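[1] predicted coordinates and the sequence they were generated for:
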Amino acid sequence: MALIKPVHGVMPEFGENCYLAENATVVGQVKMGNQCSVWFNAVVRGDVNHITIGNKVNIQDGAVIHCTYQKAETIIGNNVSIGHNALVHGCTIHDNVLVGMGAIVMDHCVVESNSIIAAGSVVLENTHIESGCIYAGVPAKKVKSIDPEQVRVLIEGIANNYTMYSEWFKEE
């Protein structure tokens, strides 16, 4: 069973039909929507500020979701995929976003809907990611626009797949 702990008496809240891997950690001021999944060795740490997660969000293996004490909460919209070993810290991620494997999104960033942060990218503090674009590199810069088919296949497809994968583990 996942490690779920209160911090200062505040327990995480979960929507319906969520999957938490046995060694996932979710603590403190976390509010998670429906059909979310937190995978192996992932950490969602709402100990120093609020973390709000929408519906159909997958937080893949080794990812860390955190925030900054008294300065930056973390807000994640609906239909978002946080890739393996990514770090999402004190920022706002809107709906239909893919944060690639090993990417870092820092404090006070805003990632608009229908966008992709490429694997290994570093989105520096206070960066604003445009809707409908792919950002890549260190520091992350806009590399191109995304067409609606890419949004459907990449962003929606991965979120849908993780919803399906989580059902496999619930059956065991």
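    Noted; the coordinates are in hand. What you see is a predicted model; the values in this text were computed from it and never measured. Residues are numbered from 1 along each chain as shown.
[2] surely Ile51 meets Thr68?
    No: using Cβ atoms under 8 Å, Ile51 is not in contact with Thr68, being 11.5 Å away. (C-beta placed from N, C-alpha, C; glycine too.)
[3] burial of Asp107, as a residue count?
    Number of residues near Asp107 (other Cβ atoms under 10 Å) recorded here: 17.
[4] over to Ile158?
    If we define neighbours as other Cβ under 10 Å, then Ile158 has 17 of them.
[5] and the nearest residue to it once chain neighbours are set aside, which of the three is it?
    Of all residues not flanking Ile158 in the chain, Ser81 sits nearest, at 4.6 Å (Cβ to Cβ, 6 or more residues apart in numbering). What DSSP: H, G, I helix; E, B strand; the rest coil gives for Ser81 is strand.
[6] what's the answer for Trp168, then?
    Looking at Trp168 with three-state DSSP, the answer is helix.
[7] likewise for Val26?
    Under three-state DSSP, Val26 comes out as strand.
[8] quick one on the thing from earlier: mind checking how far the residue nearest to Ile158 is from Tyr165?
    11 Å (Cβ to Cβ, to the nearest Å).
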